[in-house]
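Quick check, what structure comes out for this input:
(one chain, ligands or ions: 1)
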Amino acid sequence: MASDDDFESTTTTSRRASRTRSATRTSPESATTTRQSVEVDLPSVFPSEIASELPSEYASATPSDVLSGLSTALPSTLPSGYPNSTDGMVVLPDGAGITIGDRKYDSFLTKEAAASYRTLNSSVTGCYAQNGAMPLLLSDHAMCNLGFHCPNSTDLMPPQYCPPSFECQAARSMKGSCPEQGILEPIVCKAGYYCPPGGQNQYPCKKGTFCPVGSFEPWKCSFGAICPAESERQIVTVPFGFMIAFDVLLGIIVAIGFFISARRKRTKRNYSVVKNEKDLDADDVELIPTGDRASVATFHDQDELDSNPDFKVFMHFVARIIKTKEVGLSFDFEGLEFEPQRGKKVLKGVSGSIKSGSMWAVMGGSGAGKSTFFNVLMGKTKNTGGSIKINGHAKDLTKYKKLIGYVPQDDIVIPELTVRENILHSARVRLPMTWRDNEIQEYVDSLISCIGLSHVQHSLVGDATRPVVSGGQRKRVSIGMELAAAPMCIFLDEPTSGLDSTSASSIMRLLKAISKLGVTTITIIHQPREQIYTGFDNIMLLGNGSMIYAGPTTSTSTYFNSLGFTFPTRENPADVIMDIITGHGQQYTHDRNWATDSVGSLVDQWSSKGMRTQFLDASTPPRTASPSNSVISTPEQEEFLRLTMKKRGASWPAQAYYCCKRSITQQVRTKGSFFFEIGIGALAGGVIGLSASAAKGQLFRGLYKDSFIILSPAVDYQSVPQVGLLGGMAVGLAASAPAVRVFGEEKMIFNREAAAGHSMSAYYVGKMVSVLPRLFLSSLHYSVFMGILATPIMAWTDMFIAILLYFFCVYGLASCVGMVVKREDGPLLAVMASLIIGILGGVAPPLSKVATWKLEWLWRMSPGVWFTEAFVSQCLLPLDYLYFLKAASEATGFKLGQFSLDMGMLFVIGCVYRIIAYVLLITVQRKR
Ligand SMILES: Nc1ncnc2c1ncn2[C@@H]1O[C@H](COP(=O)(O)OP(=O)(O)OP(=O)(O)O)[C@@H](O)[C@H]1O
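Just a heads-up that it's a prediction; the model follows:
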């Protein structure tokens, strides 16, 4: 095909020349025959050596006439009236050309004359045209394309194409030339050499430069590249040096991090903000009113409580931040109901009041509706009936989320962080922005001491699959994370489960202490030991979603006695109550019929006796400083709450910074995955580079530019896109699984933090920024090995940018996948998704084919296309002077010369993926 086109264009040019000349031709036979010929001075047309040998008939021939004579079969196809010429030359009248196929001939040689010319040409130029073919002029003057070597061509002996024998063709493909092609056929300048414009000379490439096949000038090697004399490619070393430097730097940073962390473990922090006990005593805030000390001590030994200096420091800080003297948080709820779309009512008309500063326990059997009650009260689940008032106003508690703490049933903590880091992060993000960092650190230290975690504060938290601290310690971390925020109201879902009784008492003691400062404390609790049970001010009992009892803990036995139950003196009252409300209380009553519908009976008793009134009346009297549940907060108090909320929490940039820092710490701690990803990147670059290294940088072969197109070897349009495709797939394999881990495995954490008022966008931005060093390092390792081994002709920096942006896209895509699929399915599906976008890179099926299906827009939505296109474009464009790139572009479908657009689109797609992931994250969070 290619040679046909070339032939046509060559003959067209020659014909044009022939016509110009034929205007001055005169022929002896022109009057009587149709032949036209021109008297031509032979030496002006052919080299004198040839001209002297030519028969006289060639006086009327031009080189293009001779060229046209190549159609050796013509004589037998002549129309009538134009018999074979015996003098070797037949020239048709103007406009009476013969069309064969898609070519038109207006003059030609007879077979005999052509053979004669061929012989002559061979003897002069050494071109042994095969099978009766004629040499083909590539130009009518000494023109030599850029990048070619035409040492013997002159205006009189222009470059020509010598139709090769099979052997010669094979030799050309292998070595670029064969002896039989003669001295006039241009040869593409060989690798390691360059042929300055004109093509007369071919020089070896000097040291410091390199010359790929077809160079017309040496290519300057980039700084530091390995380029000995006669190099056909450059081996870049500076990026390799950068890579090593970054690796060493990374190693140093990690080592310093470990050193600091080890030192921190050894150093005991001294309090500087609160120096000594004197300061605490002098504080105008009464930490725990004297009258309440006994009830605080209920959970534990009074002496121990008072003798712990950290406890005093902690209380000092809490008292400073929780100014519940002004206002606290109280709840009134009336007829609360929750009925899921499918299923029966979970909450049935639960009513009650919880005053600020009171400490409540919520008890009930499994499935009684305790967690649902929590969720409805906190506004996480919308109640389907009833109303909730906060401080006497019908409001949603989510509006106060910065003042609320919620300890979930499951330990949602970050396993890769230490105990202290988990708590410190929560404190930094949620405490008032006016606090200095050393104050926050001291507050956290005192809190850690109070919850009994000082000895493990620098241990990683781990998780259920990789435990580092114990389950009970992890539970205390979870509680610590909420206490660190100094909330005005704290909800705890089974905080003591998994704790030994001493630790449980210690935690409850702490909660009791802060509740005495005005913090409303509501705790779901299972099987509390007696000490803990009696430490609660009030207790709420739920059964089958209904209220069974709500009132002072001390009144429970009286209440159940009134219903005919007797509490054995030696039994834990909490256990007795649990037995009764779960329908196993037969042993405590003489009523033989009671066991039937036991819980319903209790509920009936509660409602029929108007116990709600009793509940209200019997609540613990409010502390003088706190408003009563029946007191509606004043506008001033509401304003105070609003300002408190405004001050709470770090600024957005600070939150983003903390999240970023935390995420980087996590990545360093999961160094296996971190180095694995970088290692895979390096390995992929190395393997793909190695597979392409045999081509010595010549990954592309196209059709030579006009008019040398007929000299073109077999084209290779596929190698460059394939290397791009392989690169994209390798990046997908290397990055998607770790990316899912980074983004997808923290949905629970995200939900917990979002519910606690952390900025969702700051979290996400921090997370995104934290992976940039990882992307950078992976891209660096990939492109360095790829650059050294495959030596593509594109600039290394372009390759690095393209790979970096492709990593960026893969991370974005993997985070989208991580948001919607289950944690265990995430890595596999992310790898699949990355492979799909790689395959949609327009290599197979080629983008040109896809365009015929009118589906290019779909392919263009995949980053793979833009990545491969950038790769193709940057590898081909430097060869624009040599090859007919338009043909390559049309064959592959990739557009050349729009590298900036390709990179821009990769960036945009990567950002779009991130926006989608963020929307998914928010959507999932809102659904909870
Ligand atoms: N959104 C919902 N849709 C359907 N059923 C629900 C929904 N929420 C809760 N339930 C059901 O309501 C019942 C009470 O659930 P809840 O989690 O409140 O119980 P619980 O008292 O906290 O139990 P446990 O002590 O075992 O945690 C359960 O049977 C639960 O399956």
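
Near the ligand, which residues of the stretch 301-450 of the chain are found?
Pro340, Gly343, Val346, Gly364, Ser366, Gly367, Ala368, Gly369, Lys370, Ser371, Thr372 (CB under 6 Å from any ligand atom). (C-beta placed from N, C-alpha, C; glycine too.)

Restricted to strands, list those residues.
Gly364 (DSSP state E).

Quick check: of the residues of the stretch 301-450 of the chain next to the ligand, which has the highest neighbour count?
Highest neighbour count within these, by other CB atoms under 10 Å: Gly364, with 27 neighbours.

now the stretch 301-450 of the chain, which segments are flagged as low pLDDT?
301-308, 323-326 (pLDDT under 70).

Mind jotting down where the helices sit in it?
Residue ranges of the helices in the stretch 301-450 of the chain, as given by DSSP state H, counting those that start in this stretch, are 302-307, 309-321, 370-378, 419-430, 437-450.

Packing partners of the third one?
Here helix 370-378 touches strand 331-338, strand 347-354, strand 359-364, strand 404-407, strand 489-493, strand 520-524, going by 3 or more CB pairs under 8 Å, 6 or more residues apart in numbering; DSSP states H and E.

What residues of the fifth one count as buried?
Going back to what we said before, that points to strand 489-493. Going by neighbour count (16 or more other CB atoms under 10 Å), the buried part of strand 489-493 is Cys489, Ile490, Phe491, Leu492, Asp493.

Now render these as CSV, adding distance to the ligand and pLDDT.
Below are those laid out as CSV (distance: CB to the nearest ligand atom, whole Å; pLDDT from 0 to 100):
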residue, distance to the ligand, pLDDT
Cys489, 19, 91
Ile490, 17, 92
Phe491, 12, 93
Leu492, 13, 93
Asp493, 8, 90
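
Now render the helices and strands packed on helix 370-378 as CSV, adding distance to Gly681.
Output for the helices and strands packed on helix 370-378, formatted as CSV (distance: least, CB to CB, whole Å):
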stretch, distance to Gly681
strand 331-338, 50
strand 347-354, 53
strand 359-364, 52
strand 404-407, 41
strand 489-493, 43
strand 520-524, 48
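
and of those strands, who's closest to Glu482?
Nearest to Glu482, of all the helices and strands packed on helix 370-378, is strand 404-407, at 3.5 Å by CB to CB.

List the contacts of the closest one.
329, 374, 378, 397, 478-479, 481-483, 485, 487-493, 495, 752, 755-757 (CB atoms under 8 Å, 6 or more residues apart in numbering).

go on, stretch 167-178?
By CB under 8 Å, 6+ apart, stretch 167-178 touches Gln130, Pro164, Pro179, Glu180, Gln181, Glu185, Ile187, Val188, Lys190, Val213, Pro713, Ala714.

Likewise for stretch 908-917?
Counting by CB under 8 Å, 6+ apart, 743, 764, 768, 805, 808-809, 811-813, 815-816, 818-819, 861-863, 866 sit against stretch 908-917.

Quick one: buried ones out of these?
743, 764, 768, 805, 808-809, 811-813, 815-816, 818-819, 862-863, 866.

which outside residues touch stretch 329-343?
Contacts for stretch 329-343 (CB under 8 Å, 6+ apart): 345-356, 369, 372-373, 376-377, 381, 383-392, 397, 400, 403-404, 488-489, 520, 545, 626-629.

what's the spacing between that stretch and its chain's center?
41 Å (CA atoms, centre = their mean, to the nearest Å).

Pull out the buried members of the contacts of stretch 329-343.
Looks like these have 345-356, 369, 372-373, 376-377, 381, 383, 386, 388-392, 397, 400, 403-404, 488-489, 520, 545, 626-627, 629 buried, using 16+ other CB under 10 Å.

hey, C-alpha coordinates of stretch 897-915 in PDB?
The C-alpha coordinates for stretch 897-915 follow below in PDB (Å, rounded to 0.1, in the frame of the first residue of the first chain):
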ATOM      1  CA  GLY A 897       1.100  17.100  20.000                       C
ATOM      2  CA  GLN A 898      -1.400  17.700  22.800                       C
ATOM      3  CA  PHE A 899       0.600  16.600  25.700                       C
ATOM      4  CA  SER A 900      -0.600  19.400  27.900                       C
ATOM      5  CA  LEU A 901      -4.200  18.500  27.200                       C
ATOM      6  CA  ASP A 902      -3.500  14.800  27.900                       C
ATOM      7  CA  MET A 903      -1.900  15.700  31.200                       C
ATOM      8  CA  GLY A 904      -4.700  18.200  32.000                       C
ATOM      9  CA  MET A 905      -7.300  15.500  31.300                       C
ATOM     10  CA  LEU A 906      -5.500  13.000  33.600                       C
ATOM     11  CA  PHE A 907      -5.500  15.600  36.300                       C
ATOM     12  CA  VAL A 908      -9.200  16.400  35.800                       C
ATOM     13  CA  ILE A 909     -10.200  12.700  35.700                       C
ATOM     14  CA  GLY A 910      -8.200  12.100  38.900                       C
ATOM     15  CA  CYS A 911     -10.000  15.000  40.600                       C
ATOM     16  CA  VAL A 912     -13.400  13.800  39.300                       C
ATOM     17  CA  TYR A 913     -12.700  10.400  40.800                       C
ATOM     18  CA  ARG A 914     -11.800  12.100  44.100                       C
ATOM     19  CA  ILE A 915     -15.000  14.200  44.100                       C
END
